[in-house]
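**Q** Provided below for reference: sequence and predicted model.
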Amino acid sequence: MAQSTANPQVSILSDCFDMPPLDTCRRIWLYLPTDYDTSGDRYPVLYLLDGQNIFDDATSYIGEWHVDESLFRMEQGGFSGIIVVAIDHGGPHRVAEYTPWPHPVHQGGEGARTIDFLVHYLKPYIDEHFFTLPDPEHTGIMGASLGGLMAMAAGFTHPETFGLVGALSTSYWWSEACYDLAEAHPAGFPYRIFLSTGTREGKGQLRATMRMASILQEAGLPPEAVTLRRVRHKNHNEKNWSKAFPEAVAWFFPDRLARQRP
């Protein structure tokens, strides 16, 4: 196994956290800000999917997001930190668990159970055991590819839980239901939605992402609640998402950025 690249702020909350809706268990990762034990503060929480790829090259099959390094650098620059909770995917079960709707060829469609776990089991545990700001304005969910699809579905169906949604290189091709869901919930949207895509991702990815941004605004979200990041010459991979992550965090939590000197 490759040497671990996770920094000291990263720990394993559980190697086998119970997931009753899926009748299984899963490893859960935790990032705590550098001042967590001394500040006396409460912190926003960002839930990230594909936990194997978030913090550590040793557990990622294709490279990590470098979330811990990005947050550490931001904190060194004056950013008031956040808690990150990363949930491992199910390996061969990932497609099923990360698709809210079935596909006529690829099947899947167990995503609602995964969302049920996040909303009714994992988040309550985190809020009970850590110093969190539990309201939706300070609670986000983020994923990439099928994880982006899941993040959007979680935010659209549970805006009372996830007020911030990060959908990176989202697999919109999986189902038109994602667009239908966006159109159907103008009154129950999350507060902020961060969309990103690389211009070399193919399969009409840029066009699909722009379509989603348009639908969100037409459905009633104010322009300042949706941002679309188009990354030139970037592909569908962790390197792209690693670069988008700190921008998304800064946009989600502008009040936690360092005060600018006059």
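**A** Yep, it's here. On a predicted model such as this, the values are computed, not experimentally measured, just so you know.

**Q** so where is the protein shaky, pLDDT-wise?
**A** 1-2, 186-188, 203, 233, 259-262 (pLDDT under 70).

**Q** What segments of the chain are strands?
**A** Applying DSSP state E to the chain gives strands spanning 10-19, 24-31, 45-48, 83-87, 139-144, 164-168, 192-198, 226-231.

**Q** I'd like those as CSV, with mean neighbour count appended.
**A** C-beta here means a position set from N, CA and C on the backbone, and glycine is covered the same way. Shown next, in CSV, are those (neighbours: other CB atoms under 10 Å):
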stretch, mean neighbour count
strand 10-19, 15
strand 24-31, 19
strand 45-48, 24
strand 83-87, 25
strand 139-144, 29
strand 164-168, 28
strand 192-198, 24
strand 226-231, 17
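
**Q** and these as JSON lines, adding distance to residue 216?
**A** Putting the strands of the chain into JSON lines (distance: least, CB to CB, whole Å) gives the following:
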{"stretch": "strand 10-19", "distance to residue 216": "30"}
{"stretch": "strand 24-31", "distance to residue 216": "29"}
{"stretch": "strand 45-48", "distance to residue 216": "20"}
{"stretch": "strand 83-87", "distance to residue 216": "25"}
{"stretch": "strand 139-144", "distance to residue 216": "16"}
{"stretch": "strand 164-168", "distance to residue 216": "10"}
{"stretch": "strand 192-198", "distance to residue 216": "6"}
{"stretch": "strand 226-231", "distance to residue 216": "5"}
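
**Q** Show residues contacting stretch 60-72.
**A** Applying CB atoms under 8 Å, 6 or more residues apart in numbering, the external contacts of stretch 60-72 come out as 5-7, 9-10, 31, 33-34, 48, 52-57, 79, 81-82, 84, 86, 237-239, 241-242, 245-246, 249.

**Q** how about it: buried residues?
**A** 60, 64-72 (16 or more other CB atoms under 10 Å).

**Q** ok so, going back, between the strands of the chain, which one is nearest to residue 156?
**A** strand 164-168 (8.1 Å; CB to CB).

**Q** Any chance you could list what contacts the closest one?
**A** Residues contacting strand 164-168 (CB under 8 Å, 6+ apart): 46, 136-137, 139-145, 147-149, 151-152, 154-155, 190-197, 212, 240-241, 244, 248, 252.
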